[in-house]
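A.B. asks: pasting the structure only:
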Ligand code: ASP
């Protein structure tokens with residue numbers, strides 16, 4: 001696919017610019033491409049000719065080819081030209097071992113300018129030169145000419161090719177589903193498209209093909225996959241875009257093991273095909289339940305390239321009867337009010353400066369903690385503002401539990417269980433990168449499953465699905481899908497449903513969530529029960545999920561699936577921290593495309609045809 005072959009010959013070229021070798025010397029060839037660099041030595045003009053396959057040195061001699069030389073003297077960087085002549089070995093000592101074509105040059109006797117170019121807004125031939133991202137996005141077609149961006153798109157193409165191949169080999173059918181549909185909620189805001197034929201009505205762009213893929217299972221397709229474009233109108237971050245691509249799949253007659261097993265072997269094949277140089281940390285991929293992942297790493301997408309696990313300090317802080325007795329009010333107060341006191345050990349941070357410690361505390365506060373306790377082991381005991389409250393025994397017990405040594409720094413949070421885990425999890429992730437504990441070359445895949453089915457939504461008085469509303473329930477927890485009120489339409493926060501675990505599994509890679517899926521509910525009655533807990537009314541359900549509820553009355557196979565973010569996966573495999581770096585034409589942080597200048601106001605006639613009028617947005621409520 002990416003290897004130049006003779007089949008790429010056209011009237012404009014016999015070979016690509018990456019193809020000629022010493023063995024071609026003495027033959028004639030024609031090449032076409034962009035002028036990467038031009039060096040004028042008077043009698044000789046050298047042109048580096050570039051296409052996406054490589055670079056070939058072209059030399060034009062004024063004596064041998066005066067006409068070609070005259071044209072070559074007019075070409076500039078980024079002109080598109082075609083050249084023809086004889087392939088010759090370069091003179092001894094002038095070979096370029098860094099180029100695959102470095103042993104030869106093309107001695108051109110003919111040069112034709114196919115298209116001229118203005119001076120580009122940034123250098124194409126200096127791939128490492130820093131260029132402002134907004135400029136790169138405005139001139140993306142020039143940015144993609146640069147080697148790093150081109151390489152990343154090629155990597156992504158190899159990745160998707162490998163994904164397709166594995167799926168076809170495993171009995172999957174590739175089906176395209178429409179993008180003008182009805183809302184498929186995945187927890188984000190919909191993008192909507194007004195209908196001209198049915199004024200006043202809108203289509204929603206799919207947040208995922210969830211309902212359609214489940215309907216394909218009812219339709220008997222058995223195994224479906226799609227490289228699917230999805231749309232979610234939410235605030236953008238480095239790993240989010242308003243439109244993004246998912247590997248979306250669904251399988252019939254499967255349990256959790258079957259889906260996870262297939263995905264795992266597929267992920268290994270795709271990683272090895274795309275990045276054979278990067279080792280996978282552990283196979284089979286490690287698995288944690290949600291509870292265990294939160295307990296040990298403070299995250300449901302833990303980066304397993306390093307340890308730095310969360311340590312429960314409580315046993316070091318209580319007396320023989322289990323009563324908090326550390327003497328430090330922050331610790332004891334948290335423990336006696338149902339909170340947790342947990343810590344991580346940052347290796348080598350023991351000598352952190354006041355300023356560094358203040359910064360860490362600030363970060364912890366920004367993540368939602370009330371404060372951060374730092375303790376550094378030293379021969380005289382623990383050092384840090386809290387140390388004076390802790391008895392010698394307690395200090396010793398803390399050092400023992402954490403295993404911290406001199407030079408390390410113990411960072412502790414005392415807060416509610418959720419805040420403690422979350423803040424330490426985020427600090428762990430940041431410090432792992434910052435302290436160089438995470439090997440950038442390693443691919444550490446990890447599964448997390450057994451998520452809670454729902455989380456209580458206080459504002460709306462209902463149980464929200466933690467993942468997607470169709471997720472199945474762990475069989476032994478099915479009896480928990482009830483309310484204490486006895487009326488399924490009247491949920492409350494102490495319902496047994498809050499304890500039910502979903503047949504949901506997420507795959508993470510190096511601290512990023514790659515995607516997730518579940519074995520689904522395939523019985524109408526159970527799905528309706530779950531929807532009621534999620535605050536749906538019978539009418540609302542019919543309105544939103546009528547097709548799937550109806551379909552389940554015509555014989556639905558047990559089924560399950562998953563969706564993985566292609567952009568995220570490609571970014572991780574390409575060692576990038578921003579998915580824009582692996583997307584040909586991404587949007588900026590504010591959701592615009594600076595090249596096409598989208599979004600833009602509709603034409604007056606479009607308003608008219610759609611029966612729309614822009615009335616402006618209501619003023620935002622003021623902050624005070
Ligand atoms: N549709 C889900 C999502 O896009 C994934 C799945 O359950 O298959 O997040």
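C.D. replies: It's in. Not measured: the values here are computed from a predicted model.
A.B. asks: Residue numbers of the stretch 151-300 of the chain in contact with the ligand?
C.D. replies: With Cβ under 6 Å from any ligand atom as the criterion, the stretch 151-300 of the chain meets the ligand at residues 186, 208, 210. Every C-beta, even on glycine, is put in place using the N, C-alpha and C of the backbone.
A.B. asks: Wait, a helix at the first one?
C.D. replies: I take that to be residue 186. No: applying DSSP: H, G, I helix; E, B strand; the rest coil, one finds residue 186 to be coil, outside a helix.
A.B. asks: just to revisit the earlier point, would you list the residues of the stretch 151-300 of the chain next to the ligand in JSON lines and tack on distance to residue 588 and neighbour count?
C.D. replies: Supplementary listing: these in JSON lines, determined by distance: Cβ to Cβ, whole Å; neighbours: other Cβ atoms under 10 Å:
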{"residue": "186", "distance to residue 588": "23", "neighbour count": "17"}
{"residue": "208", "distance to residue 588": "24", "neighbour count": "20"}
{"residue": "210", "distance to residue 588": "28", "neighbour count": "24"}
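A.B. asks: pLDDT and distance to residue 112 added to the residues you listed, as TSV?
C.D. replies: TSV is the format used below for those (pLDDT from 0 to 100; distance: Cβ to Cβ, whole Å):
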residue	pLDDT	distance to residue 112
186	71	53
208	94	50
210	95	53
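A.B. asks: low-confidence ranges in the stretch 101-250 of the chain?
C.D. replies: The stretch 101-250 of the chain contains residues with pLDDT under 70 at 184-185, 238.
A.B. asks: Look up how far residue 205 lies from the closest residue to residue 609 other than its chain neighbours.
C.D. replies: Spatial nearest neighbour of residue 609, chain neighbours left out: residue 196 (5.2 Å); criterion: Cβ to Cβ, 6 or more residues apart in numbering. Residue 196 sits 16 Å away from residue 205, taking Cβ to Cβ, to the nearest Å as the criterion.
A.B. asks: more neighbours, the two?
C.D. replies: Between residue 196 and residue 205, counting by other Cβ atoms under 10 Å, residue 205 is the more crowded of the two (21 against 11).
A.B. asks: Tell me how many other residues crowd the closest residue in space to that one that isn't next to it in sequence.
C.D. replies: Using Cβ to Cβ, 6+ apart and skipping residues adjacent in sequence, the residue nearest residue 205 is residue 231, 3.8 Å away. By other Cβ under 10 Å, 19 other residues sit near residue 231.
A.B. asks: now swap in residue 42 and tell me
C.D. replies: The number of residues packed around residue 42, counting by other Cβ under 10 Å, is 6.
A.B. asks: what do you get for residue 558?
C.D. replies: Neighbours around residue 558, by other Cβ under 10 Å: 16.
A.B. asks: Equivalent analysis for residue 480, please.
C.D. replies: By the criterion of other Cβ under 10 Å, residue 480 has 16 neighbours.
A.B. asks: now swap in residue 93 and tell me
C.D. replies: Around residue 93 there are 5 residues (other Cβ under 10 Å).
A.B. asks: residue ranges with poor pLDDT in the chain?
C.D. replies: Low-confidence segments of the chain (pLDDT under 70): 1-6, 184-185, 238, 622-624.
A.B. asks: Let's see that with 50 instead.
C.D. replies: Along the chain, segments meeting pLDDT under 50 span 1-2, 4.
A.B. asks: List phi and psi for the residue lying closest to residue 318 once chain neighbours are set aside.
C.D. replies: Excluding its sequence neighbours, the residue lying closest to residue 318 (Cβ to Cβ, 6+ apart) is residue 324, at 5.6 Å. Backbone geometry at residue 324, expressed as degrees, to the nearest 10, gives phi -60, psi 130.
A.B. asks: what residues does this protein put near the ligand?
C.D. replies: 186, 208, 210, 468, 516, 517, 518, 561, 562, 563.
A.B. asks: Which elements pack onto the helix or strand containing residue 156?
C.D. replies: In this assignment (DSSP states H and E), residue 156 forms part of helix 147-169. Secondary-structure packing of helix 147-169 (3 or more Cβ pairs under 8 Å, 6 or more residues apart in numbering; DSSP states H and E): strand 173-174, strand 223-231, helix 256-274, helix 566-573.
A.B. asks: closest to residue 148 out of those?
C.D. replies: Nearest of the helices and strands packed on helix 147-169 to residue 148, taken as Cβ to Cβ: helix 566-573 at 13.1 Å.
A.B. asks: and residue 296, which of the three is it?
C.D. replies: Residue 296 - assigned by three-state DSSP - is helix.
A.B. asks: Is it correct that it is in contact with residue 302?
C.D. replies: Yes: judged on Cβ atoms under 8 Å, residue 296 makes contact with residue 302 at a distance of 7.4 Å.
A.B. asks: shared neighbours, these two?
C.D. replies: Listed as contacting both residue 296 and residue 302 by Cβ atoms under 8 Å, 6 or more residues apart in numbering are residue 288.
A.B. asks: Help me confirm that the residue nearest to residue 609 comes into contact with residue 612.
C.D. replies: No: taking contacts as Cβ under 8 Å, residue 196 lies outside contact range of residue 612: 10.2 Å.
A.B. asks: The one residue in the stretch 301-450 of the chain that gets nearest to the ligand: neighbour count?
C.D. replies: When scored by Cβ to the nearest ligand atom, the stretch 301-450 of the chain has residue 449 as its residue closest to the ligand, at 12.6 Å. As a burial measure, residue 449 scores 22 neighbours (other Cβ under 10 Å).
A.B. asks: what's the answer for the one 3 residues further on, then?
C.D. replies: Applying the criterion other Cβ under 10 Å, we find 20 residues in the vicinity of residue 452.
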